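In: Sequence and predicted structure, then a few things I'm wondering about:
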Amino acid sequence: MAEELYEMTSAGIAALQNELENRKFVQRSEIAERIKVALSFGDLSENSEYDDAKQEQGENEARIVEIEKILKNARVIEDSEISKTQVTLGSKVEIEDVETGDKETYILVSAKEEDILSGKISVDSPVGKAIMKKKKNQIAEVNTPSGVLKYKIIDISKP
């Protein structure tokens with residue numbers, strides 16, 4: 001079975017590489033030290049510090065494997081592939097809620113890079129799907145449980 005290809009921005013790949021390095025070379029040793037300290041308490045049958053550290057170790061190792069898989073199968077979206085006339089992966093997009101006039105600016109990224117607090121939304125999110133391939137001044141419609149939201153594409157640029 002073919003591996004899934006992950007299209008990502010160069011910033012997204014750099015962030016994952018930094019996270020991987022931190023997990024391998026900082027968090028691994030910190031967790032190992034906590035396990036060592038917990039083992040010194042003796043009886044493991046009621047040693048919550050040991051259980052917690054082992055749980056964290058498992059989660060850290062699983063995330064390392066996940067990041068390595070993503071990076072192995074990542075394809076960088078080159079700057080030249082990001083259009084300034086049509087919304088694509090990597091585009092910086094200013095949208096306006098047609099009803100309220102509220103404006104938001106987002107960068108469209110892969111699901112693996114999504115960070116709504118930093119203004120990065122996934123191309124697979126409802127808003128991402130709706131604005132994908134739209135051009136300036138076009139209207140995108142997002143179906144929500146409370147009705148249809150309409151957004152006008154105000155500007156498209158490279159981040």
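Out: Done, it's in.
In: burial of Glu33, as a residue count?
Out: 11 (other CB atoms under 10 Å). Every residue, glycine included, has its C-beta placed from N, CA and C.
In: Neighbours of Ile95, how many?
Out: There are 24 residues near Ile95, going by other CB under 10 Å.
In: what's it in contact with, if anything?
Out: Lys103, Glu104, Thr105, Tyr106, Val127, Ile131, Ala140, Tyr151, Lys152, Ile153, Ile154 (CB atoms under 8 Å, 6 or more residues apart in numbering).
In: what sits against Lys129?
Out: Counting by CB under 8 Å, 6+ apart, Lys129 has contacts Val123.
In: which SSE is it in?
Out: Taking DSSP states H and E as the definition, Lys129 sits inside helix 126-131.
In: which secondary structure elements does the helix or strand following that helix contact?
Out: Counting by DSSP H and E, the next helix or strand C-terminal to helix 126-131 is strand 139-144. Strand 139-144 sits against helix 126-131, strand 147-157, with contacts defined as 3 or more CB pairs under 8 Å, 6 or more residues apart in numbering; DSSP states H and E.
In: buried sites along stretch 119-130?
Out: Lys120, Ile121, Ser122, Val123, Ser125, Val127, Gly128, Ala130 (16 or more other CB atoms under 10 Å).
In: export the residues you listed to JSON lines and tack on distance to Ser83 and pLDDT?
Out: Putting the buried residues of stretch 119-130 into JSON lines (distance: CB to CB, whole Å; pLDDT from 0 to 100) gives the following:
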{"residue": "Lys120", "distance to Ser83": "18", "pLDDT": "96"}
{"residue": "Ile121", "distance to Ser83": "17", "pLDDT": "97"}
{"residue": "Ser122", "distance to Ser83": "18", "pLDDT": "96"}
{"residue": "Val123", "distance to Ser83": "13", "pLDDT": "95"}
{"residue": "Ser125", "distance to Ser83": "19", "pLDDT": "95"}
{"residue": "Val127", "distance to Ser83": "18", "pLDDT": "96"}
{"residue": "Gly128", "distance to Ser83": "15", "pLDDT": "97"}
{"residue": "Ala130", "distance to Ser83": "17", "pLDDT": "97"}
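In: Nice, that's everything, thank you.
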